[in-house]
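In: Please work out how this folds:
(chains A and B)
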Amino acid sequence: MSGSVSHRGRTALTHIVLIAAAAIVIVPVAWTVAAGFRTQISLLMGEFFFKPVWFNFAEVLFSKTSDFLLNYRNSIIVGVTSTALCLVVATLAAWSLHRMRWPGWVVHIFLAWALIFHMIPPVALASAWYTMARSVGLDNTFTALILAHTTLNLPMALWMMSVFVRDVPRELEEAAAIDGATTPVLLRHVILPIIAPGLAATAVLTFVFSWNEFAVALTLSMKQTATVPVAIAKFAQDFEIQYTQMAASAALSILPALLLLLIAQRYIVKGLTQGAVK
Amino acid sequence: MSTASVVTQTAEQAASQRSVTPLGDDRLWRWLTFSPALALMLVLSVLPLANLFVSSFQDITWSGGASTRSFVGLSHYAALGSDALFHAGIRNTFIFAFCAVAGQMILGLGLAVLCSRVTRGRVIYRAVFILPILIPGIVIGAIWKLLLNYDFGLINQGLALLSIAPHDWLGSSETALLSVIVVDIWHWTPFCFLLFLAGLESLPQDIFEAAKVDGASSWQEFRLITLPLMVPTIVVTFAFRLVLAFKVFDEVYLLTSGGPGTATEVVSFTLYQRFFTEDRIGYGSAISVAVIFIVSLLLVMAISARRRLGSTS
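Out: From the prediction side, this is the model:
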């Protein structure tokens, strides 16, 4: 059966190309993580085989001159708080705009503005927020950064939640209304359980984007409130770059993403293909 | 449905698609549910951008906690005309956005088509390809700063195995912008891949089966069926990715800081330098306004592209 042989050959070729592409994705990351386990000399010598050391990780995490644990804590505080805020605000707004009796122009203008806002370079926004935060004395506080990240991720969360809210069958809401449910009861006991998977997808992506955000975090934070990306950027600014420590902190910074990829891949795919325009 | 079309649909057609709930007339809850988002957007997007607009006509100096503002008319905008850094930034951003997005689209579509043809391992490929989307831009910069390093980077080591002389990828002005473009392609091809794969999976399968029965080759199948069906998705995704590529900042900040010279100067970085490094708040605001204006123009073009395609198909 020559047909099935050539078919099998083609499938094998397809897999070879896909595996090569996967290697191009994985090798740079793996090589960098491996560099975190090298000594600076081993890296500079370009040795292929090396004896792994914990020195860089110990230095990044526990040395007196490193603030990395603090940065990690800051990123978690900002990420978790802004994600929670963003979800509540976006879900309520998505439901309100799509299911309550708003005049058409309100919905149009608000969603169009969210789209324009999403396209504006973060540095332009950072400059505006910086001036604002400074004049009300909120510069270098978590409050400013959390509110900034909430706003930054709001358009994406709004679109994602709009998709999920639109999927809620109207009949359910009608049945609830006939049973005498008030709006809060409807939201809490009818809508919330149905959109829970959508909320999870939105939460995962919102958290990741907050964790990754750099331009605004750089301009709205100081030493005490700096997040992980800001800390990593510092390495590249040093006169003599500590490459292996930079690699170690890069490896530590992608841990949350790897963890989410393992436990929540389904939600990430769902979120990225349904609403995100990052 | 593709992401970009979700977005424009939400913006354009939301009102007509809405189905009002029986409780839709509950005025109190209508306001309670919408006002947090409205307040956030008014206070943190409309107000600061209005402030930015006003500042672009002023010179601003800070002393202590207070600012002194003096009106300078259109002089900041006039200065944009002769700012070589700004010009380099605009030019490089366009080159960067166009090349990077074109590369991402072609590779993303190719990989998506291949992946849609295999059944075994599709989940694993997808998991691997998602990885770069989740890594912070600044870490992508760090990873490639190591890989492209002149002395010990993996790229030059690989070239050495082929007896090719090492090259200073980020340090020479001929290859710096190219390197940044390649890094961005590495970063965002997976995203295009994911969207296209979702698009391909939603195409009607019976056409492909009919084509197989008629003895179409894989290339014919791609050229005559897949591509025409995917054109609207491709054009719209391209337009929107182009607008979003205008945001590039993190990778450039870490890899080259706009150098060598102005080889990789992108407009976000120009803005950062003028506003924050040089503390020229008024002038920086004028750059922001100019950038937002350009982005809005591109956005209008993207939406009209979608309209045109929407009306023909």
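
In: Could you look up the next helix or strand downstream of the strand or helix carrying B:Leu109?
Out: B:Leu109 is part of helix B:84-117 when elements are defined by DSSP states H and E. Using DSSP H and E, the helix or strand that follows helix B:84-117 in sequence is helix B:122-134.

In: is that next one anywhere near chain A?
Out: Yes. Judged by CB under 8 Å from any CB of the partner chain, helix B:122-134 and chain A are in contact via B:Tyr125, B:Arg126, B:Ala127, B:Val128, B:Phe129, B:Ile130, B:Leu131, B:Pro132, B:Ile133, B:Leu134. Just so you know, the C-beta spots here come from the backbone N, C-alpha and C atoms, and that holds for glycine as well.

In: What angle do helix B:84-117 and that helix make with each other?
Out: Interaxial angle of helix B:122-134 relative to helix B:84-117 (axes from the mean of the first three to the mean of the last three CA atoms, to 10 degrees): 170 degrees.

In: Check what contacts helix B:122-134 and list those residues.
Out: For helix B:122-134, the external contacting residues (CB atoms under 8 Å, 6 or more residues apart in numbering or on different chains) are A:18, A:21-22, A:25-26, A:29, A:208, A:212, A:254, A:257-258, A:260-261, A:265, A:268-269, A:272, A:278, B:111, B:115, B:118, B:140, B:186-191, B:193-194, B:197.

In: residue contacts, A:Leu92?
Out: A:Leu187, B:Leu32, B:Thr33, B:Phe34, B:Pro36, B:Ala37.

In: Spatially, what comes nearest to whatever residue of the stretch 201-313 of chain B ends up closest to chain A if we skip its sequence neighbours?
Out: In the stretch 201-313 of chain B, the residue that lies nearest chain A is B:Ser288 (3.9 Å; CB to the nearest CB). Spatial nearest neighbour of B:Ser288, chain neighbours left out: A:Ala124 (3.9 Å); criterion: CB to CB, 6 or more residues apart in numbering or on different chains.

In: if you average pLDDT over the helix or strand where that neighbour lies, what comes out?
Out: Using DSSP H and E, A:Ala124 sits in helix A:122-135. For helix A:122-135, the mean pLDDT works out to 86.

In: still on that earlier bit, just to be sure, the residue of the stretch 201-313 of chain B closest to chain A is in a strand?
Out: No. B:Ser288 is assigned helix when assessed by DSSP: H, G, I helix; E, B strand; the rest coil, not a strand.

In: Surely it is in contact with B:Thr270?
Out: No. B:Ser288 is beyond contact range of B:Thr270, at 10.6 Å (criterion: CB atoms under 8 Å).

In: Those two - which one has more neighbours?
Out: More neighbours surround B:Ser288 than the other of B:Ser288 and B:Thr270, with 29 against 25 (other CB atoms under 10 Å in any protein chain shown).

In: give me every residue that touches the more buried one.
Out: Residues near B:Ser288 by CB under 8 Å, 6+ apart: A:Val123, A:Ala124, A:Ser127, A:Ala128, B:Leu52, B:Ser56, B:Leu271, B:Phe275.

In: quick one: the helices in the stretch 51-200 of chain A?
Out: With helices called from DSSP state H, counting those that start in this stretch, the stretch 51-200 of chain A shows them at A:55-62, A:68-99, A:104-119, A:122-135, A:142-166, A:170-178, A:183-185, A:192-212.

In: can you pull the alpha-carbon coordinates of stretch B:179-189 into PDB?
Out: Extracted C-alpha coordinates of stretch B:179-189, given in PDB (Å, rounded to 0.1, in the frame of the first residue of the first chain):
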ATOM      1  CA  SER B 179      17.900  40.700  16.300                       C
ATOM      2  CA  VAL B 180      15.100  42.600  18.200                       C
ATOM      3  CA  ILE B 181      12.600  41.600  15.400                       C
ATOM      4  CA  VAL B 182      13.700  38.000  15.600                       C
ATOM      5  CA  VAL B 183      13.200  38.000  19.400                       C
ATOM      6  CA  ASP B 184       9.700  39.500  19.000                       C
ATOM      7  CA  ILE B 185       8.900  36.800  16.400                       C
ATOM      8  CA  TRP B 186      10.000  34.200  18.900                       C
ATOM      9  CA  HIS B 187       7.900  35.800  21.600                       C
ATOM     10  CA  TRP B 188       4.600  36.300  19.700                       C
ATOM     11  CA  THR B 189       4.500  33.600  16.900                       C
END
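
In: Wondering if it reaches chain A at all.
Out: Yes. Judged by CB under 8 Å from any CB, stretch B:179-189 comes into contact with chain A at B:Trp186.

In: Quick check: buried residues in that stretch?
Out: Neighbour counts over stretch B:179-189 (16 or more other CB atoms under 10 Å in any protein chain shown) mark B:Ser179, B:Val180, B:Ile181, B:Val182, B:Val183, B:Asp184, B:Ile185, B:Trp186, B:His187, B:Trp188, B:Thr189 as buried.

In: Helix or strand: which one has the last one?
Out: Per DSSP H and E: B:Thr189 is located in helix B:176-201.

In: Just want the angle from that helix to helix B:84-117.
Out: Interaxial angle, helix B:176-201 versus helix B:84-117 (the same axes, to 10 degrees): 30 degrees.

In: Show me how chain A divides into domains.
Out: The record's domain parsing of chain A by automatic domain parsing lists A:2-55, A:65-274.

In: Return the most buried member of those.
Out: Comparing the domains of chain A by mean neighbour count (mean count of other CB atoms under 10 Å in any protein chain shown), domain A:65-274 comes out on top with a mean of 20.

In: and that domain, how far out from the chain's middle?
Out: Offset of domain A:65-274 from its chain centre (CA atoms, centre = their mean, to the nearest Å): 7 Å.

In: Could you do stretch B:91-104 as well?
Out: For stretch B:91-104, the distance to the chain centre is 10 Å (CA atoms, centre = their mean).

In: and it, anywhere near chain A?
Out: No. For stretch B:91-104, no contact with chain A is found by CB under 8 Å from any CB; the gap never falls below 9.4 Å.

In: Just the buried positions in that stretch, please.
Out: The neighbour-count check on stretch B:91-104 (16+ other CB under 10 Å) flags B:Asn92, B:Thr93, B:Phe94, B:Phe96, B:Ala97, B:Cys99, B:Ala100, B:Val101, B:Gly103, B:Gln104 as buried.

In: which residues are contacting it?
Out: Residues from elsewhere that reach stretch B:91-104 (CB under 8 Å, 6+ apart): B:177, B:180-181, B:184-185, B:188-189, B:191-192, B:238, B:241-242, B:245-246, B:248, B:262-268.
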